[in-house]
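Novice: Provided below for reference: sequence and predicted model.
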Amino acid sequence: MLRQPHLRTVLVLVNLVILLLPLGGIAFLRLYDVELVRRTESNLIVQGALFATAYKDELLRLLAAEPPGSEGRGDVSSYGVPVSESNFVAVVDNAELAPILPKLDAATDIVWPRGAKAVPSLARPDPFAQAAAERMRPMLETARRVTLAGIRVLDFRGTVVGTTGDELGMDLMSRPEVRRCLKGEHVSLLRERVSDNPTPPLESLSRGNRTRVFVAMPVIHDNRVLGAVVLSRTPLDIVKALYLKRYHLLAAALVIIAAVVLVSVLTSYTITRPVASLIGQAERVTEGKKGAAVPLDNPGTREVARLSAAFAGMAVTLQKRAEYIGAFASNVSHEFKTPIASMRGTAELLRDHMDEMSGADRERFLKMLEDDLKRLERLVRRLLDLARADLVQPGNESADVLEVVESAVARCAGAWPAVTLEHGDETATVKMAAVTLDSILSNLLDNCRQHGGEHVHAHVGIKIAETNDHQFVDITVSDDGPGISENNISRVFEQFFTTSRERGGTGLGLSIVDALVSAHGGSITVEQGSPGAKFTVRLPCCD
């Protein structure tokens, strides 16, 4: 059988799932928003690297075809500007691997204001750059139509020599990303996107994001900056991205619903179902059905398992108590019925024939009334003793066994000399009040005297016993009387069972002893002696 989890574990797991659902949604939207920006940046980096390579190849081909020293400055080694010796790590054109990883995050990075407009260039654009960019114009137009990205090719002075817009021949050196790029640095940044157009519908190609990604890629050859490629694109906003992924999100929603249903089923299996079963058992117990409360086969959690076992045990205890009370009431009624009936008959005789009776008859009938009253008095006193024994709660009291036994034997010896005591050198202290232990011994000795008569000899023995590392003390009370028959030996501890009713026996003495001993964690047994009977009381010793 699998080990049941704690109820608190189930509740913590359920609460964690409930907590993680919104937190997971927030984290997903946050990460997805970052992914949208970085995906756009990554695409621009790829395009920038391709355009920079194409531009460099065209430019170097043109420079190589022009004789050195001509008006067009065809010397490749002196074309452009050297890579700046700044703190940044410049793009190296001859490295084996030089990956550029997307890193933008709209939540943590600075979002720059809208870039300054291009201004007319004060210098004439470089003719080699113009020619190389012109050869790339079909490529730029195709890329614009496919990727919707804005692309600008700049010469080493920051003048636009190729573009997908209307800034040809304009100067962009006023923008920091351009200045940094023309020093040899790859630059990625975010700028505010300001548009006078209304927010585009979700189905359109336009994007309504309020930021725009800019990537500036330097064109480097032999550690000289030959120009730059600047690309820009508006990333998808989170609403449009979710709309485009609506079918995937629907599938995710179904998964979440399935998770909620699973959590509900788990909660029902571990909490609701067992509790409902316990309620059903309680209702059947209330209706008086016997054996209705049993431990659950699948309690779900440890606490419910313990509750189920405790409830079943309580139901059994209550059933036994109810049966005990019923039997006890029946026995009490029977025991009281005989003397009451005798007293009623005697009273009727005295009332009807008082004047006709002789003095001796009146005395005899009055003696019968007195004996019945004494019997009722003994029954009431014994019933009170039994009630106290049933309700006794062991405390922190302790008693010296030898001291209490010697006191009880000495008290009996005054009126009944035939009592002897035997004990060894061991001393023992039991977890019981001295008055309780004295009551147990007094009842056992009275039982010997009542059933054996004045001439019976009683013997009390004390012995220390050890069982499973626990120490006990055995107190034996035996006599040489007629003993107990085989048919009666199993009934001696039953309430109201006695074979000496005519001598005033109530059948409650041994029941009181049994209740007191059991309440203190001990046991009492009886066996035939040779001759007589032998009672053994075993009590746990103090630690």
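Specialist: Okay, I see it.

Novice: Surely residue 212 touches residue 189?
Specialist: No - in this structure, residue 212 is not within contact of residue 189 by C-beta atoms under 8 Å, at 9.7 Å. Yep, even glycine has a C-beta here, placed from its N, CA and C like the rest.

Novice: Wasn't residue 412 part of a helix?
Specialist: Yes - counting by DSSP: H, G, I helix; E, B strand; the rest coil, residue 412 is part of a helix.

Novice: wait, what's in contact with it?
Specialist: 419, 442, 445, 449, 458 (C-beta atoms under 8 Å, 6 or more residues apart in numbering).

Novice: Would you mind measuring from it to residue 141?
Specialist: Distance from residue 412 to residue 141, counting by C-beta to C-beta, to the nearest Å: 125 Å.

Novice: For residue 315, which three-state class applies?
Specialist: Applying three-state DSSP: residue 315 is helix.

Novice: elements contacting the lengthiest helix in the chain?
Specialist: Determined from DSSP state H, the single longest helix within the chain is helix 7-65. On a contact count with 3 or more C-beta pairs under 8 Å, 6 or more residues apart in numbering; DSSP states H and E, helix 7-65 meets helix 127-147, strand 150-155, strand 187-192, strand 211-221, strand 224-233, helix 238-244, helix 246-267, helix 302-353.

Novice: rank these by mean pLDDT and give me the bottom one.
Specialist: In terms of average pLDDT, helix 238-244 trails the rest of the helices and strands packed on helix 7-65, at a mean of 67.

Novice: Stretch 341-350: how far from the chain's middle?
Specialist: In terms of C-alpha atoms, centre = their mean, to the nearest Å, the centre of stretch 341-350 is set 72 Å apart from its chain centre.

Novice: do stretch 251-264 as well
Specialist: Distance, centroid of stretch 251-264 to centroid of chain: 21 Å (C-alpha atoms, centre = their mean).

Novice: buried sites along it?
Specialist: The neighbour-count check on stretch 251-264 (16 or more other C-beta atoms under 10 Å) flags residue 263 as buried.

Novice: got the CA positions of it in CSV?
Specialist: Below are the C-alpha coordinates for stretch 251-264, written out as CSV (Å, rounded to 0.1, in the frame of the first residue of the first chain):
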residue,chain,number,x,y,z
ALA,A,251,-4.3,24.4,-26.7
ALA,A,252,-2.4,25.8,-23.7
ALA,A,253,-5.6,26.9,-22.1
LEU,A,254,-7.0,23.4,-22.5
VAL,A,255,-3.9,22.0,-20.8
ILE,A,256,-4.4,24.4,-17.9
ILE,A,257,-8.0,23.4,-17.6
ALA,A,258,-6.9,19.8,-17.6
ALA,A,259,-4.4,20.7,-14.9
VAL,A,260,-7.2,22.4,-12.8
VAL,A,261,-9.4,19.4,-13.3
LEU,A,262,-6.6,17.1,-12.3
VAL,A,263,-6.0,19.2,-9.1
SER,A,264,-9.7,19.0,-8.4
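
Novice: Could you give me the buried positions within stretch 164-182?
Specialist: 164, 167-168, 170-173, 175, 177-182.

Novice: Narrow those to those in strands?
Specialist: 170, 171 (DSSP state E).

Novice: give the contact list for residue 352.
Specialist: Here residue 352 is in contact with no residue (C-beta under 8 Å, 6+ apart).

Novice: Serialize the contacts of residue 412 to CSV and add fields for distance to residue 397 and neighbour count.
Specialist: Below are the contacts of residue 412 laid out as CSV (distance: C-beta to C-beta, whole Å; neighbours: other C-beta atoms under 10 Å):
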residue, distance to residue 397, neighbour count
419, 26, 23
442, 18, 15
445, 22, 20
449, 28, 18
458, 27, 24
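
Novice: which of those lies closest to residue 318?
Specialist: Nearest to residue 318 among those is residue 442, at 32.9 Å by C-beta to C-beta.

Novice: give the contact list for the closest one.
Specialist: Contacts of residue 442 by C-beta under 8 Å, 6+ apart are 408, 411, 412.

Novice: Take those and lay them out in CSV including distance to residue 325.
Specialist: Shown next, in CSV, are those (distance: C-beta to C-beta, whole Å):
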residue, distance to residue 325
408, 32
411, 35
412, 34
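
Novice: quick check, residue 397 in a strand?
Specialist: No - Residue 397: not assigned to a strand; according to three-state DSSP it is coil.

Novice: May I have the residues that are in contact with it?
Specialist: So residue 397 contacts 431, 432, 433, 434, 436 (C-beta under 8 Å, 6+ apart).

Novice: Now, those residues that are in helices?
Specialist: Those of the contacts of residue 397 mapping onto helices are 434, 436, per DSSP H.

Novice: Taking the contacts of residue 397 together, which two end up most distant?
Specialist: Across the contacts of residue 397, no pair lies farther apart than 431 and 434, at 11.7 Å, counting by C-beta to C-beta.

Novice: How about the backbone phi and psi for residue 299?
Specialist: phi -70, psi -20 (degrees, to the nearest 10).

Novice: And it, how close does it get to residue 481?
Specialist: From residue 299 to residue 481 the distance is 54 Å (C-beta to C-beta).

Novice: now swap in residue 233 and tell me
Specialist: 113 Å.

Novice: Residue 434 too?
Specialist: Residue 434 is 28 Å from residue 481, by C-beta to C-beta.

Novice: Residue 313 now?
Specialist: 41 Å.

Novice: Can you give me the buried ones in stretch 131-146?
Specialist: For stretch 131-146, by 16+ other C-beta under 10 Å, it's 132, 133, 135, 136, 139, 140, 143.

Novice: ok, now stretch 42-62?
Specialist: Buried, per 16+ other C-beta under 10 Å, within stretch 42-62: 42-45, 47-49, 51-52, 54-56, 58-60, 62.

Novice: can you pull out the strands in the stretch 401-543 of the chain?
Specialist: Residue ranges of the strands in the stretch 401-543 of the chain, as given by DSSP state E, counting those that start in this stretch, are 419-423, 429-430, 458-467, 470-479, 523-528, 533-540.

Novice: for the ones you listed, which one sits closest to residue 229?
Specialist: Of all these, strand 470-479 comes closest under C-beta to C-beta, at 91.0 Å.
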